[in-house]
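Asks: When you get a sec, could you give me coordinates for this:
(2 chains)
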Amino acid sequence: MTTTLWITAIIVAITLGITIWAARQTRTTVQFYAAGRKINSWQNGLAIAGDYMSAASFLGIAGLIAFNGYDGFMYSVGWLVAYLTVLLLIAEPIRNTGKYTMADVLAYRMSAGPVRSAAAISTLTVSGFYMIAQMVGAGSVLHLLVPGFSFKWAVVIVGVLMIGYVVLGGMIATTWVQIVKATLLMAGAVLLSILVLGHFGFNPVRFFDAIAKVVDKKSGLNFTQPGILYPHGKHVALGPLTLDKSTIENVSLGMALIFGTAGLPHILMRFYTVPTARAARTSVGWAMGLIGAFYVMTTFLGFGAAVLVGKTGIGTNNNLAAPKLAEFLGGGPNTFGGELFLGFISAVAFATILAVVAGLTLAASSAFAHDFWMNVVRGGKESESEQVLVARIAAVGVGVIAVLVAINLQTANAAQLVAVAFAVASSGNLPVILFTLFWKRFSTVGAVCGLIGGTAVSIVLVVIGPGLGTPPAAHPAFALANPGIVSIPLGFIFAIVGTYIGEALGGDQRAKAMYPEIAVRSQTGVGAEPSSVIEERIPAVV
Amino acid sequence: METRNRGQGTGGPPVGTETAQTRASQWEVLAASPEFRRLITAKRNFIIPAVIFFLVYYFALPLGNGLAPSLMNTKIIGNINLAYLFALSEFVMAWILAAVYIRRANRIFDPLAAAVRKLAARMGMGS
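Replies: Numbers count the residues shown, from 1 in each chain, chains lettered A, B, ... in the order given. So this is what the prediction gives:
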């Protein structure tokens, strides 16, 4: 326990040092929101990985695999393949046409007031649910790992730190906190993976022999087999079709991951921190290498915990699979090595949460300060120093609200909160981004319908679905825990129907007239926002 | 406001004035130029098949697990089954496709995009 606290304290001290250093170079909006667009591609690759590999994926996937075997690994697969959507369709056009937020790209063609307001709502929804999920996870895990650390205090400490990073150091501090975290997380995962394999003489076949001996009592399947988390044999009616529920849940989950990642505002925002579209592309390459390597290693973390520690050793909270595995590999409970390993992995989990919530705080506050306040309320007329001040105030506001909500949601299911975030990102944001970039007829009404409709339908389907209540409802109004297979097509349909309604109401001449411009700019980078070279001398707020 | 959003910092005049129309038609000229068409055709010919390929490859895994569980449970090496190897191959597929795209973009798409930017500069636009 003291080991955990010491290692955590060292990591926090490093990140605070970074923040103080970053604060000195955070004076202008481009520095605050986009780190001056001076982050190079491998740094951004590490930061994307650090922004993305959340507590849900590190602790959550290891836990899902440890308790459900193969089905948990399906999350790992989707989380990497999703980056192909980002790489092939989204990253470069976003860098070429936007400035700080997702809404910048949309407002290029559409009427700024309505689309920026709608995009601010969807961004705050995605980031808010995601952030609260992380904080609830942080609170419960820290509470269990460090007895005497109450849930409330854990949430408050995470909140204070994340507000500190963002308010003082903006995107520069956030980026470097993410880089430090990604490095620590990779180091931890490599170490544990090697030690797990060492237990099986570095022979994967022997490792899998052991996994095949772990059997799920309910289904009778062993852990190498699909079908434990989403059991076969149940059926679900979707409209006129009756389908195998297990298959539909897995496909639906995959759709939310594959189409949702490219609609996550905190990930999109990272592409504004690099100098060019080419650097954005290369940074996705780096990120995919790291993220993929990490998720392959969840094989060893998750199955390793299942085989070496087992459900009885982990306890009821599957989030503790990775920390308990570390304790076992270090020598077991109450040994020096066990303490040290548990401390290290717990501290890494804590750093993981901090880095992710900092990125989310920045995305949420930029949606409010840049999209809503600066461009809608103030009509784009705000001085540079006022913009940075408003952004900092927004970050404090977002952070405080997140802490207050998280404190009152101790029993919420973190995975379900993340499911809402991915559902909104895939059903609300992605269709609108794609249509803005690639569909000439698309218009303001279509964009607003897509954003609001996609957001609303995602929230409704999760709320009436089986997952949100604890224990889950026996006969939910909507049968699927993963709403993507319904909500994503609906998101596209809302955007299309809205476009035609808009045309019937008189059309959106500007959206059409601007299409050739956004088409050329997004694909070529003509007139893209440059990397900041001039150091403007505006007095820092801090 | 309009001005800021249209040009994202290029500061073009608002829609409705004569200069704005000239400006809009200039982008249309650029969009119709052979340089831009070459870039778009090259990108389209790669990206559309690539997206279809990875979607089919990806969704084949959950569909296979759901619809053909006995096939996916086939043991290949010891207790390592097809379901796991297929899942592992998704990682390899994603890495290879990403590498192929990045290489192609650096070597082929970037020079084509540079040609469009050169043309835009000659037309006096989009600084």
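
Asks: drop to CA atoms for contacts and neighbour counts, all remaining ones
Replies: Noted.

Asks: For the strand or helix carrying residue A:339, what is the distance to the chain centroid?
Replies: According to DSSP states H and E, residue A:339 maps onto helix A:336-366. Distance of helix A:336-366 from the chain centroid (Cα atoms, centre = their mean, to the nearest Å) equals 14 Å.

Asks: Likewise for stretch A:55-75?
Replies: 16 Å.

Asks: what about it, how long is it end to end?
Replies: End-to-end distance for stretch A:55-75: 14 Å, by Cα to Cα, to the nearest Å.

Asks: can you list contacts of it?
Replies: For stretch A:55-75, the surrounding residues in contact (Cα atoms under 8 Å, 6 or more residues apart in numbering or on different chains) are A:76, A:134, A:137-138, A:216, A:222-230, A:250, A:254, A:298-299, A:301-306, A:310-311, A:318-322, A:349, A:352-353, A:414-415, B:84, B:87.

Asks: Mark which of these are part of helices, please.
Replies: Those of these mapping onto helices are A:76, A:134, A:137-138, A:250, A:254, A:298, A:304, A:310-311, A:321-322, A:349, A:352-353, A:414-415, B:84, B:87, per DSSP state H.

Asks: Now which of those would you call buried?
Replies: A:76, A:134, A:137-138, A:250, A:254, A:298, A:304, A:310-311, A:321-322, A:349, A:352-353, A:414-415, B:84, B:87 (16 or more other Cα atoms under 10 Å in any protein chain shown).

Asks: ok, residue A:234 - contacts?
Replies: Residue A:234 neighbours (Cα under 8 Å, 6+ apart): A:244, A:245, A:246.

Asks: correction: residue A:204
Replies: residue A:197.

Asks: The contacts of residue A:234 into a markdown table, with extra columns for neighbour count and secondary structure?
Replies: Conversion of these to a markdown table gives the following (neighbours: other Cα atoms under 10 Å in any protein chain shown; DSSP: H, G, I helix; E, B strand; the rest coil):
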| residue | neighbour count | secondary structure |
| --- | --- | --- |
| A:244 | 17 | strand |
| A:245 | 21 | helix |
| A:246 | 26 | helix |
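
Asks: can you list these in JSON lines and add pLDDT and distance to chain B?
Replies: Compiled in JSON lines, the contacts of residue A:234 are given as follows (pLDDT from 0 to 100; distance: Cα to the nearest Cα, whole Å):
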{"residue": "A:244", "pLDDT": "82", "distance to chain B": "7"}
{"residue": "A:245", "pLDDT": "82", "distance to chain B": "9"}
{"residue": "A:246", "pLDDT": "83", "distance to chain B": "6"}
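
Asks: now the residues you listed in a markdown table, with distance to residue B:27?
Replies: A markdown table is the format used below for those (distance: Cα to Cα, whole Å):
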| residue | distance to residue B:27 |
| --- | --- |
| A:244 | 50 |
| A:245 | 50 |
| A:246 | 50 |
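
Asks: Now flag whichever of those is closest to residue A:166.
Replies: residue A:246 (41.2 Å; Cα to Cα).

Asks: nearest residue to that closest one other than its sequence neighbours?
Replies: By the measure of Cα to Cα, 6 or more residues apart in numbering or on different chains, the closest residue to residue A:246 outside its immediate chain neighbours is residue A:230, 4.8 Å from it.

Asks: okay, now the one you found: neighbour count?
Replies: 19 (other Cα atoms under 10 Å in any protein chain shown).

Asks: what do you get for the one 3 residues further on?
Replies: A count of nearby residues for residue A:233, using other Cα under 10 Å, gives 13.

Asks: So it versus residue A:492, what's the distance?
Replies: Distance from residue A:233 to residue A:492, by Cα to Cα: 31 Å.

Asks: So the closest residue to residue A:23 other than its chain neighbours versus residue A:371, what's the distance?
Replies: In space, and not counting its chain neighbours, residue A:23 is closest to residue A:169: 4.2 Å by Cα to Cα, 6+ apart. Distance, residue A:169 to residue A:371, by Cα to Cα: 20 Å.

Asks: neighbour-wise, which of those two wins?
Replies: Counted by other Cα under 10 Å, residue A:169 and residue A:371 do not tie: residue A:169 has more neighbours, with 30 against 27.

Asks: which is the next helix or strand following the helix or strand containing that one?
Replies: Applying DSSP H and E as the criterion places residue A:169 in helix A:151-198. Note on helix A:151-198: by DSSP H and E, the next helix or strand toward the C-terminus is helix A:204-212.

Asks: For the one helix or strand residue A:46 maps to, which outside residues touch it?
Replies: Assessed by DSSP H and E, residue A:46 sits inside helix A:41-52. With Cα under 8 Å, 6+ apart as the test, helix A:41-52 has contacts from A:175-176, A:178-179, A:181-183, A:266-267, A:270, A:273-274, A:279-280, A:282-288, A:290-291, A:352, A:355-356, A:359.

Asks: so is residue A:232 in a helix, a strand, or just coil?
Replies: With DSSP: H, G, I helix; E, B strand; the rest coil as the basis, residue A:232 sits in coil.

Asks: Check the one 4 residues further on too.
Replies: For residue A:236, the reduced secondary structure class is strand; criterion used: three-state DSSP.

Asks: so it makes contact with residue A:243?
Replies: Yes - the pair residue A:236 / residue A:243 is scored as a contact, 5.3 Å apart, by Cα atoms under 8 Å.

Asks: higher neighbour count, these two?
Replies: residue A:236 (17 against 14).

Asks: give the contact list for that one.
Replies: Residue A:236 touches A:242, A:243, A:244, A:245, A:479, counting by Cα under 8 Å, 6+ apart.

Asks: what's the distance between it and residue A:431?
Replies: Taking Cα to Cα, one finds residue A:236 at 26 Å from residue A:431.

Asks: Helices of chain B, residue ranges please.
Replies: B:2-7, B:18-32, B:34-67, B:69-72, B:82-104, B:110-122.

Asks: From the ones you listed, pick the one with the highest average neighbour count.
Replies: helix B:2-7 (a mean of 21; mean count of other Cα atoms under 10 Å in any protein chain shown).

Asks: Mind checking which residue lies nearest the centre of chain B?
Replies: Nearest to the mean C-alpha position of chain B, by Cα atoms, centre = their mean, lies residue B:47 at 5.3 Å.

Asks: nearest spatial neighbour of the closest residue to chain B within the stretch 101-250 of chain A, skipping sequence neighbours?
Replies: At 4.4 Å from chain B, residue A:247 is the closest residue in the stretch 101-250 of chain A, using Cα to the nearest Cα. Distances taken as Cα to Cα, 6+ apart put residue B:66 closest to residue A:247, at 4.4 Å, once the chain neighbours are dropped.

Asks: didn't that neighbour look like it was pressed against residue A:232?
Replies: Yes - using Cα under 8 Å, residue B:66 is in contact with residue A:232, at 7.3 Å.
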